[in-house]
Structures are given as structure tokens and as C-alpha cells.
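Engineer: Here's my sequence, what's the structure:
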Amino acid sequence: MFYWVMKRIFLGPVIKLLFRPWVKGLDNIPAQGAAIIASNHLSFSDSIFMPLMVRRPVVFLAKSEYFTGTGIKGRLTAAFFRLTNQLPMDRSGGAASAASLNAGMEVLNAGGLLGIYPEGTRSPDGRLYRGKVGVARLALQAGVPVIPVAMIGTDKVQPIGKRLPNIRRIGMIFGEPLDFSEYRDQADDRIVQRKVTDDIMARLMRLSGQEYVDEYAAVVKLRLAGKPDEPQAAAEPLAAPAPSGDGFVPDSGSGPAPAHPGVEDDAGTKATGQQNLPGVPRQL
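Structural biologist: Model (predicted):
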């Protein structure tokens, strides 16, 4: 009830009036049935703008830190996320991450829309970073399509660290559903998980026009902050257990070649900007 009231009566109309969001490809969202909406992640406000424009409720997997804050601000933030159909995503691995996977599967098994940010965290600089394979495992195990969506301009509305948003227009482009049913019997194969994830990121790159960086955003954030690398930053919390011994699988990209700038994407929009192949290190 809270979700519907905020979307239809209070928050929704105000946001539409102030930010005048434009949308392309909204018909690619199925009218019914389960699906994953995989989005690039430029701003905290992505989780507000995008569900507002989708007719059906969208349940997001959000980082668990949003649900565990202390003090008045922390409790209000946690309450907001719970009341707006968001579930805590534990990124540390192990049993906690398995519980997050189960929560996402429950949404899909019930025929709902599950929103995921494959990058795992917001982009530190507006570029598109390497996706984590949890989105692939969920899609393959549930046997559902993945709808890529590119958020446009939300990083200008609310850059990282800025509390009050700038009033300016934002947009979003929903691509055609991606069908990975041919790989469903290989849901626990790490190579297949990486290929599917890279396919999703390649499509997001085409839709958004972002430059692709074959590195995890969380690792880059640590470097920019002058902090040492942490294993958790590159963790794949929803991945299948990695094989051991001689069965080790290198975590390398294998996505298809994306369109060149100026080639129309699935939503009828021309991709722009520097683009690099998923799985191929960016030349610095």
C-alpha cells in the first residue's frame, strides 16, 4: 500500500513534474510474468526514478548497508528501502549472500519484476564497469528474461556525495528482453555465468553509450580513495562456488562485440561515446 500511495499520489507526481523523465522502450517490460530488470548504476536516485516509470512494482536488491544504519537517519533510510519494495543484498559471500539469492528467487518465482545493478555499486565516474555474475545465475536458475535499462543523466541530478538533487531532466532506455534459456541447464557453470553477464553489460553499453571498463567499480572506488584492495570488492556474492584444484576457472570476459557509435540499438536509440569490449581490458 505504501509503495502504491507514494508512487501514484505523493512522490511520483512531484518527481515527474520536477525532473520530466523521458522514457524509451517501456513496452519491452512484460505486462505480466517474472523478469529481471538489469540497470546501469549512476546515482542513488536510480532506484527511485526507474520504478516510478514502470507500470508494475519493481523489487530491487539493494546493498545491505542501506538497511543497517544507526541513528535517526539510518533507521529512516532502512524504513524507506523496506517500504519501497527493496531487499537487502549482502555482498560478502557465504551463507549471507545465499540468503540474498533466495530472496531474489522468491520474487521471480512469484512472477514479479526483480531489479538488479550488475555492477554491484554506483559508478565512480560515469563509466560502465564490469558486471558481477549474480544477475546471470538468477536469470538462468529462474529461467526468466533480462530487460536491460540504461539510466541517463541521473549522475548529474545526484552525484555521489550530494544529498540534495539538482533539478534537471533525466531519461531511461529499456532494451528488448534478453533470452538465455539455452543455457538454463548450465546455471552453475562459472564460464556460462560470465558469458551471460558480459552479454548483458554489452547491451547496457549500447543502450547507454557509456565507456566500458573491464574492472569492478568497487575496486576502482578503493583505489580512488587511496585504500588497499579488499577481496570483498571483487567478490561474486551470487556466483556458483568456484571449482577447486585443476578445475579452476579464470574469471575472464567473453561478451559479444557491441555496436559501433551511431549504430541503432534495440530501443531505436543511437549509441554514442567511447566503447570497449566487455572482457577486453581498457587501454589506459
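Engineer: residues in contact with residue 12?
Structural biologist: 6, 52 (Cβ atoms under 8 Å, 6 or more residues apart in numbering). Glycine gets a C-beta too; all of them are placed from N, C-alpha and C.
Engineer: Phi and psi next, for it.
Structural biologist: For residue 12, the backbone dihedrals (degrees, to the nearest 10) come out as phi -60, psi -60.
Engineer: how close does it sit to residue 158?
Structural biologist: Separation of residue 12 from residue 158 (Cβ to Cβ, to the nearest Å): 17 Å.
Engineer: Start and end of stretch 186-193, how far apart?
Structural biologist: One end of stretch 186-193 to the other measures 8 Å (Cα to Cα, to the nearest Å).
Engineer: buried sites along that stretch?
Structural biologist: 186-187, 189-190, 192-193 (16 or more other Cβ atoms under 10 Å).
Engineer: I'd like to know which of these are part of strands.
Structural biologist: The members of those all map outside strands under DSSP state E.
Engineer: want to throw those residues into TSV with pLDDT?
Structural biologist: Output for the buried residues of stretch 186-193, formatted as TSV (pLDDT from 0 to 100):
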residue	pLDDT
186	96
187	94
189	96
190	95
192	97
193	96
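Engineer: mind listing which of these are in helices?
Structural biologist: Using DSSP state H, the subset of those located in helices is 190, 192-193.
Engineer: Residue 61: which of those residues is nearest?
Structural biologist: Residue 61 has its nearest neighbour among those in residue 193, at 16.4 Å by Cβ to Cβ.
Engineer: Surely the closest one touches residue 137?
Structural biologist: Yes: Residue 193 is within contact range of residue 137, at 5.6 Å (criterion: Cβ atoms under 8 Å).
Engineer: Now do the helices in this structure.
Structural biologist: 2-5, 11-19, 46-53, 71-83, 94-109, 134-142, 154-157, 190-208, 217-224.
Engineer: Can you give me the pLDDT of the residue nearest to residue 47 when sequence neighbours are not counted?
Structural biologist: Spatial nearest neighbour of residue 47, excluding adjacent residues (Cβ to Cβ, 6 or more residues apart in numbering): residue 60 at 5.4 Å. If you check residue 60, the pLDDT there is 87.
Engineer: Among the buried residues of stretch 186-193, which one lies nearest to residue 39?
Structural biologist: For the buried residues of stretch 186-193, the nearest to residue 39 is residue 193 (18.8 Å; Cβ to Cβ).
Engineer: quick one: the closest one and residue 77, what's the gap?
Structural biologist: Distance, residue 193 to residue 77, by Cβ to Cβ: 31 Å.
Engineer: export stretch 54-70 as CSV, just CAs?
Structural biologist: Output in CSV follows, covering the C-alpha atoms of stretch 54-70 (Å, rounded to 0.1, in the frame of the first residue of the first chain):
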residue,chain,number,x,y,z
VAL,A,54,7.5,1.1,-14.8
ARG,A,55,3.8,0.3,-14.5
ARG,A,56,4.4,-2.8,-12.4
PRO,A,57,6.0,-2.9,-9.0
VAL,A,58,9.8,-3.5,-9.1
VAL,A,59,11.6,-5.1,-6.2
PHE,A,60,15.3,-4.1,-6.0
LEU,A,61,18.2,-5.9,-4.5
ALA,A,62,19.9,-3.1,-2.7
LYS,A,63,23.2,-3.2,-0.7
SER,A,64,22.6,-4.4,2.8
GLU,A,65,24.3,-1.3,4.3
TYR,A,66,21.2,0.7,3.5
PHE,A,67,19.3,-1.5,5.9
THR,A,68,21.7,-1.5,8.9
GLY,A,69,22.4,2.2,9.5
THR,A,70,22.3,3.6,13.0
